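# give me a 3D structure for the following:
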Amino acid sequence: MTISRTDGNEGGQCSEKQTARIRSGQADGQRKRRLLRPKISHLVLLTASSATMVLAQANGGSQTGPDPVEWSETEQGIPVTDELTVQKCGSCHQPVGEGNLSRISWVRSTPEGWSQTIKRMVNLHGLSISPEEARGVVRYLGTQHGLAPEEAKDVMYLVERRIITESNIPDPDVRQACASCHAFGQVLSSRRSRREWALLQNMHVALYSQAEAQFNAPIASTQGDESRGTDEPAAQRPNRRDAALTWLSDNAPLQTMEWAEWRPRIRAPQLTGSWVVSAFLPGHGRYIGEMSITPAAADPTQFTTTTTLRSLETGETMTRQGTGLVYGGYSWRGGSTAGSAAGDQPDDPNQALREAMWFSPEQGTAEGRWYWGEYHEFGFDVSLTRASERPAIAAVSPGALKAGSSSQSVHIYGANLPTDLQPRDLDLGAGVMVTGISSGTAQEIVATVDVAEDAVPGLRDVGVRDTTLIKALPVYDRVDFLKVSPDTSVARLGGLKYAKGYSQFVATGYANGPDGKPDTADDVPIGPVEADWKIDEFPTVTYDDDKRFVGTMSASALFTPAAEGPNPERRFSRNNYGEVWVVATAKNEKDELGQPLTGRSYLVVTVPTYRRWDQPEVSQ
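The predicted structure is shown next:
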């Protein structure tokens, strides 16, 4: 299991604080090179000039042999057509024909990936580039040498700063080669030729001392598994480096069908107008609202925003002003501030937010996360629906309907909804009868419904005449089990010298679904369940008693870690780190024996991040 806590940077967004650092890149790069002098021969191999590559091509070189610098590129490159990019990058990455620049033309990556590359060029190779120039280069490369929307969507969790258990790692060998030090989502945030994947492995060996041992270890024995690997003795097995290179070359190549279809479709984003917002903030509940997007005067990829959100739990409203930048016609990076000052609670939603969203290629919907916190631990899960002349449905409340219930009020939120509705104009699926409509506006419809005792559990589409929101309304017969999310989490001690890293939890109820079994694909998510919260000991070390020292849980499932530093009240004066279970006990839902349903999550409370290699404050 690999846990991804994404604490990276925003693509190409440089603050004034970074100006001096970038403009002094030449001197900084020289200092770094002096520090890395014992490995400079490896670095030379990583940035081999185009002459080396052209020579290999002229001699009929192939992608075999021990040194990928000597391999020839067998795939068609992507020409670099931006004048600024050629100017800033072309002195080292030389032209190699057909508009290609060495190395660059055989890589595609996210804006964050290209931003990291530029920082590496500044720090290690003396690139001199201003913040504005860096933004321009990242904007071009993140668009014309980026990912197709389908490719980017699978790794949006990385830029959305989510804590997840990555399920996209194919096998233990690729995990150890690529995901033992960083999220696998970072690997899949780029597409490369086979040669470029091999050169990237070279770079890791040159810069990170543990990489060579990880790469050279033999693959795991797979006796009895004929689909992969070998049952040969360890000394005779292929190594992890070769296994990872093969997998990446096959599954993340430079040229893909998705990219071939998307590349001719890239255009300036057309996002101007009103968007209906549906959002969920763990610990606070659901929100509904509207975002108005206005283009910047000089740049068709930049926008300003005004967003109004209303809590469905408390009725409280907030208004936010923000800006956004779109890469590739679909990938939003932005931020906003609230009109009201944030309170002293760390989870107060009136904080300055950073935004990462993925717009569908037809630019009618979007989804993503608006987040804040020292470790990006707080955030709205958001979805947007364009408000046009046609009706649009954004959300439905309550979150679920129970079979056998009657006279239930259902609120349907959206834009341009018809106001002359009859009960027959609403369709909530088989077994759900609309008995009346008590009120209706262009933004909200309130209907009364009865749910049959034998209504089939599952997610229902919600239809208002010819407009439909799919899988929007769960119907269930009983809550069979709870899940606490995130299922594995990290919090960080702080409060004295370093900021705390909090963790917010949610208890979600599930019905077993048609197969009658929990934790299977047909489980029906019902929604958040009211619960009592506590932390229990996770036994690891005898007498450590972690639950006494690591921190506290609030009634709203917010975990607040303890202070950093040695604790004299603890055995051996250890720090307040530790491992605990976060336990939710349902207030109203019981199992077949009449006992309250419970769920739990594994929480690691660890020390602060004392040093950040890629500080977010220089990437605003």
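# nearest residue to the middle of this structure?
Residue closest to the average C-alpha location in the chain (C-alpha atoms, centre = their mean): residue 157, at 1.3 Å.
# how about residues contacting the longest strand along the chain?
The longest strand of the chain (DSSP state E) is strand 578-590. Identification of contacts with strand 578-590 by C-beta atoms under 8 Å, 6 or more residues apart in numbering yields 479, 482, 484, 489, 505, 507, 509, 529-538, 540, 544, 546-547, 549-550, 553, 557, 559, 596-605. Every residue, glycine included, has its C-beta placed from N, CA and C.
# can you do 7 Å?
Strand 578-590 is contacted from outside by 479, 482, 484, 505, 507, 509, 529-538, 540, 544, 546-547, 549-550, 553, 559, 596-605, using C-beta atoms under 7 Å, 6 or more residues apart in numbering.
# and residue 200, that one's in a helix?
Yes. Under DSSP: H, G, I helix; E, B strand; the rest coil, residue 200 sits within a helix.
# and for it, the neighbour number?
Here the number of neighbours of residue 200 (other C-beta atoms under 10 Å) works out to 18.
# how near is it to residue 194?
Residue 200 sits 11 Å away from residue 194, going by C-beta to C-beta, to the nearest Å.
# likewise residue 175?
Counting by C-beta to C-beta, the gap from residue 175 to residue 194 is 20 Å.
# more crowded one of those two?
For residue 175 versus residue 194, neighbours defined as other C-beta under 10 Å are more numerous around residue 194 (21 against 18).
# chain neighbours aside, what residue packs nearest to that one?
residue 249 (4.2 Å; C-beta to C-beta, 6 or more residues apart in numbering).
# helix, strand or coil for the one you found?
The three-state assignment at residue 249 reads helix, by three-state DSSP.
# which parts of stretch 550-560 are buried?
For stretch 550-560, the neighbour count (16 or more other C-beta atoms under 10 Å) marks 550-551, 553, 557-560 as buried.
# between all of the residues you listed, which two are separated the most?
550 and 557 (15.4 Å; C-beta to C-beta).
# please enumerate the helices of the stretch 101-250 of the chain.
Along the stretch 101-250 of the chain, the segments classed as helices by DSSP state H, counting those that start in this stretch run 111-125, 131-144, 149-153, 156-159, 172-178, 184-187, 194-207, 211-216, 240-251.
# ok, which of those comes nearest residue 428?
Short answer: helix 149-153, nearest of the helices of the stretch 101-250 of the chain by C-beta to C-beta, at 28.9 Å.
# and that closest one, what does it pack against?
helix 257-262 (3 or more C-beta pairs under 7 Å, 6 or more residues apart in numbering; DSSP states H and E).
# how far is the helix or strand that comes right after the helix it packs on from where the chain is centred?
For helix 257-262, the following helix or strand on the C-terminal side (DSSP states H and E) is strand 273-281. Put simply, strand 273-281 sits 19 Å off its chain's centre (C-alpha atoms, centre = their mean, to the nearest Å).
# what comes into contact with strand 273-281?
Identification of contacts with strand 273-281 by C-beta under 7 Å, 6+ apart yields 286-293, 307, 309, 349, 380-387, 392, 394-395, 414-415.
# which among the residues you listed end up buried?
Buried subset of those (neighbour count, 16+ other C-beta under 10 Å): 286-291, 293, 307, 309, 349, 380-387, 392, 394-395, 414-415.
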